[in-house]
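*Asks:* with the input below, show me the fold.
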Amino acid sequence: MKASVVDLRYRMNDILRALERNEDVSILSRGRLKGVIKPAGGDASLRVEEHPFFNMLATSETADDPMDRLRGGRYRDL
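*Replies:* Next comes the predicted model:
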């Protein structure tokens, strides 16, 4: 659905119905695209176990180890 800035004010019910139908709403100002409103993802939330930060303490590598590999030591080229 395409909606102008004025439509946001006067036709908000139509815009909300379009979002309920899982349609993207393109916002136009003076005929130019300014943004897109996307419907909220219903059950797209992650379980705690699926989050990348979960069980991060179980790794044996500290943050200093990859940084040392990237930066190298003072005497790396000798």
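*Asks:* only the buried residues of the helix or strand hosting Leu70, if you could.
*Replies:* Leu70 is part of helix 64-71, with elements assigned from DSSP states H and E. Neighbour-count burial for helix 64-71, counted by 16 or more other Cβ atoms under 10 Å, picks out no residue. Just so you know, the C-beta spots here come from the backbone N, C-alpha and C atoms, and that holds for glycine as well.
*Asks:* what does it contact?
*Replies:* Judged by Cβ atoms under 8 Å, 6 or more residues apart in numbering, helix 64-71 makes no contacts with residues elsewhere in the structure.
*Asks:* so how far is that helix off the chain centroid?
*Replies:* Computed by Cα atoms, centre = their mean, to the nearest Å, the chain-centroid distance of helix 64-71 equals 29 Å.
*Asks:* stretch 3-16 too?
*Replies:* Taking Cα atoms, centre = their mean, one finds the center of stretch 3-16 at 24 Å from the center of the full chain.
*Asks:* which positions in it come out as buried?
*Replies:* Buried-residue list, stretch 3-16, by 16+ other Cβ under 10 Å: Ala3, Ser4, Asp7, Ile15.
*Asks:* got any ranges where this protein has weak pLDDT?
*Replies:* 42-46, 56-60, 73, 75-78 (pLDDT under 70).
*Asks:* now with 50?
*Replies:* In the prediction, the chain carries no residues with pLDDT under 50.
*Asks:* helices of the chain, residue ranges please.
*Replies:* For the chain, the helices defined by DSSP state H occupy 5-10, 12-20, 64-71.
*Asks:* for Arg30, state which of the buried residues of stretch 3-16 is nearest.
*Replies:* Using Cβ to Cβ, the shortest approach to Arg30 within those belongs to Ser4, at 8.5 Å.
*Asks:* how about the nearest residue to that closest one, chain neighbours excluded?
*Replies:* Leu28 (5.0 Å; Cβ to Cβ, 6 or more residues apart in numbering).
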